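Asks: I'd like to go over a predicted model; first the sequence, then the structure.
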Amino acid sequence: MPSAMNMNGFKDITVAELQAMMKQDSIRLVDVRTDAEIAQGKIPQGEVMPLHLVPLKLPDMDKNATTIFYCRSGGRSAQAAAFAAANGFADVYNLRGGIIAWANAGMPVRA
């Protein structure tokens with residue numbers, strides 16, 4: 001089960017929690033890294049949305065969908081998750097440790 005919600009209205013989750021959510025739920029996994037970072041590899045199911053575009057694209061996203069943000073190490077995605085939560089998104093998560101934690105856990109990364 002995902003970790004408790006923090007003061008910013010979203011929950012930090014581990015790689016193992018993300019794996020479980022990917023198997024059970026219909027989720028929206030959003031990669032907020034730069035194009036240059038994404039070119040080095042991404043989580044296969046991830047949707048590319050660089051952090052600077054999140055405020056522009058958020059109005060077109062489903063506020064009720066389970067939405068998980070990730071970046072390189074978890075800092076920028078926490079900003080995106082906090083922004084989404086502040087804008088009415090109900091089920092928002094941040095991948096703690098980002099793609100670094102994902103790759104270190106031996107999970108697939110594709111170019």
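Replies: Right, received. Where do you want to start? Numbering: from 1, shown residues only.
Asks: need the contact list for the closest residue to residue 51 other than its chain neighbours.
Replies: Excluding its sequence neighbours, the residue lying closest to residue 51 (Cβ to Cβ, 6 or more residues apart in numbering) is residue 32, at 4.2 Å. For the C-beta atoms, the positions are set from N, CA and C on the backbone; glycine is no exception. Taking Cβ atoms under 8 Å, 6 or more residues apart in numbering, we find residue 32 in contact with 49-51, 54, 69-71, 76-77, 80.
Asks: Could you do residue 15 as well?
Replies: Counting by Cβ under 8 Å, 6+ apart, the residues that residue 15 touches are 95, 97, 101-102, 105, 107.
Asks: Among those residues, which ones are in strands?
Replies: residue 95 (DSSP state E).
Asks: Pick the one among the contacts of residue 15 closest to residue 86.
Replies: residue 95 (18.9 Å; Cβ to Cβ).
Asks: residue nearest the centroid of this structure?
Replies: residue 69 (1.4 Å; Cα atoms, centre = their mean).
Asks: Can you list the neighbours in contact with the lengthiest helix in the chain?
Replies: Using DSSP state H to define each element, the chain has its longest helix at helix 75-86. Contact with helix 75-86 is made by 8-10, 12, 30, 32-33, 51, 54-55, 58, 61, 67, 69-71, 92-95, 98, as judged by Cβ under 8 Å, 6+ apart.
Asks: Quickly note the distance from residue 51 to residue 30.
Replies: 10 Å (Cβ to Cβ, to the nearest Å).
Asks: if you count what's nearby, which of the two comes out ahead?
Replies: The neighbour comparison of residue 51 against residue 30 (other Cβ atoms under 10 Å) goes to residue 30, with 23 against 19.
Asks: Now do the same contact list for that one.
Replies: Residue 30 touches 46-47, 49, 54, 67-70, 77, 80, counting by Cβ under 8 Å, 6+ apart.
Asks: tilt between whichever helix or strand it is part of and helix 75-86?
Replies: In this structure, residue 30 is located in strand 27-31 according to DSSP states H and E. Orientation check (axes from the mean of the first three to the mean of the last three Cα atoms, to 10 degrees): strand 27-31 against helix 75-86 gives 130 degrees.
Asks: Quick one: mean pLDDT for strand 27-31?
Replies: Summarised as a single mean, pLDDT over strand 27-31 is 97.
Asks: Kind regards, and thank you for your time.
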